[in-house]
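Participant: A predicted structure for the sequence below; I have some questions about it.
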Amino acid sequence: MSKTLAGKRVVITGGTTGIGLATAQLFHAQGARVLVTGRNEKTLAEARESLPEGIEIFKSEAGSLSDIDALVARTKELFGGVDVLFLNAGVARFAPLELVPESEWDDMVGINAKGPYFTVQKFLPLLAEGASIVVNTSVVDVKGFPSTSVYSASKAALRSLVRTFAAELAPRGIRVNAVSPGPITTPIYGKLGLDAATAADFAKNTMESNPMKRFGTPDEVAQAALFLASPASSYTTGLDLPVDGGASQL
Ligand SMILES: NC(=O)c1ccc[n+]([C@@H]2O[C@H](COP(=O)([O-])OP(=O)(O)OC[C@H]3O[C@@H](n4cnc5c(N)ncnc54)[C@H](OP(=O)(O)O)[C@@H]3O)[C@@H](O)[C@H]2O)c1
């Protein structure tokens, strides 16, 4: 049987753990040539161990314009062009409004919204006609949970960019869509800045309030990204596709 992404050239930001890692594995299994990025030496090294041979792993800070330039240069050298760009790298830290310093705004918005904006801008010359850009937003882009103000604002900005980029790139035959995960079991839950008891409470409440009463898996998001990356979604652009057990819709 032919593979969905046979010969496609794919760049995945934040492909060393969680959803990005699962997507890199799935896209590689579907015949794609894959480059993934990350920034942390430990997770970069672990990804080198766990990802199949042939996947390129490139250190690149998602919010740094000079690192994005270096990523574009490496991609050009390796692939010549790009058929699928999965902008997945992101960070989440939660705190009540009164405790958020300016540096948190700058860092989270810089990585989650500014980074993808300039990554798309700088990849424009490399994007093939008919290319697909997939962005990883979040259920928070349409919901209002306490203590998530900066993260939610950064993801809502990203959701808006999906619409404007889709309109701007349609004449080149480039589609732009998002996967919008609800709670997915990944290492991100250890990085929220919550103490152990609050984190456990948060996980329990999240599960109980979810219509499907469970967390999703990274592979469930990867499968949605595969749909948006592939010709199966050839008449779909500007979409934010929920993969959230119904959390945003029910
Ligand atoms: N898990 C969920 O419940 C959930 C729900 C909604 C949306 N999302 C979104 O899904 C995406 C992936 O998250 P995940 O849950 O898979 O979390 P994760 O396991 O923490 O993965 C994040 C990935 O992004 C990379 N990354 C983070 N900041 C980076 C930066 N500044 N520069 C380069 N790479 C960076 C990480 O690499 P390093 O280890 O090197 O930092 C890692 O590869 C994020 O955008 C997140 O907001 C997740």
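Facilitator: Cool, the structure landed.
Participant: out of everything not next to it in sequence, what's closest to Thr37?
Facilitator: Ser60 (4.2 Å; C-beta to C-beta, 6 or more residues apart in numbering). For every residue, glycine as well, the C-beta is placed using N, CA and C.
Participant: One more: Phe165?
Facilitator: In space, and not counting its chain neighbours, Phe165 is closest to Val176: 4.4 Å by C-beta to C-beta, 6+ apart.
Participant: so what strands line up beside the strand or helix carrying the one you found?
Facilitator: Following DSSP states H and E, one finds Val176 within strand 175-181. Paired strands of strand 175-181, with direction, are strand 127-136 (parallel), strand 240-243 (parallel) (DSSP bridges).
Participant: Are the first one and the ligand in contact anywhere?
Facilitator: Yes - applying C-beta under 6 Å from any ligand atom, one finds that strand 127-136 is in contact with the ligand at Asn136.
Participant: Now do the helix or strand following that strand against strand 175-181, angle only.
Facilitator: Remark: after strand 127-136, the chain's next helix or strand is helix 149-169, criterion DSSP H and E. Computed with axes from the mean of the first three to the mean of the last three C-alpha atoms, to 10 degrees, the direction of helix 149-169 lies at 160 degrees from that of strand 175-181.
Participant: Report the separation between the residue nearest the centre of the chain and Phe58.
Facilitator: With distances taken as C-alpha atoms, centre = their mean, Asn88 lies nearest the centre of the chain, 1.7 Å away. Asn88 sits 14 Å away from Phe58, going by C-beta to C-beta, to the nearest Å.
Participant: and Gly246, how many residues sit next to it?
Facilitator: Residues near Gly246, counting by other C-beta atoms under 10 Å, number 11.
Participant: Tell me if I'm right that it and Ser209 touch.
Facilitator: No - assessed by C-beta atoms under 8 Å, Gly246 is found out of contact with Ser209, at 10.7 Å.
Participant: For the nearest residue to Ala6 once chain neighbours are set aside, which three-state class applies?
Facilitator: Distances taken as C-beta to C-beta, 6+ apart put Gly31 closest to Ala6, at 3.6 Å, once the chain neighbours are dropped. Under DSSP: H, G, I helix; E, B strand; the rest coil, Gly31 falls in the coil class.
Participant: residue boundaries of the strands in the chain?
Facilitator: Assigned by DSSP state E, the strands in the chain fall at 9-13, 33-38, 56-59, 82-87, 127-136, 175-181, 240-243.
Participant: thinking again about what came up before, now the residue nearest to Thr37: phi and psi?
Facilitator: phi -160, psi 120 (degrees, to the nearest 10).
Participant: residue contacts, it?
Facilitator: Listed by C-beta atoms under 8 Å, 6 or more residues apart in numbering, the contact partners of Ser60 are Thr13, Thr37, Gly38, Arg39, Asp67, Ile68, Ala70, Leu71.
Participant: Enumerate the positions of the lowest-mean-pLDDT helix or strand in the chain that are buried.
Facilitator: Least confident helix or strand of the chain, by mean pLDDT, DSSP states H and E, is helix 196-209 with a mean of 91. Within helix 196-209, the residues that count as buried by 16 or more other C-beta atoms under 10 Å are Phe202, Thr206.
Participant: same check, this time on stretch 74-93
Facilitator: Quick answer for stretch 74-93 (16+ other C-beta under 10 Å): 74-75, 79, 82-93.
Participant: Which members of the residues you listed additionally contact the ligand?
Facilitator: Asn88, Ala89, Gly90, Val91, Ala92.
Participant: of the buried residues of stretch 74-93, closest to the ligand?
Facilitator: Distance to the ligand across those (C-beta to the nearest ligand atom) is lowest for Gly90, with 2.2 Å.
Participant: Surely the closest one and Gly110 touch.
Facilitator: No - counting by C-beta under 8 Å, Gly90 does not reach Gly110; the two are 11.1 Å apart.
Participant: Grab the nearest non-local neighbour of Ala167.
Facilitator: Sequence neighbours aside, Gly238 is the residue nearest to Ala167 in space, at 7.2 Å (criterion: C-beta to C-beta, 6+ apart).
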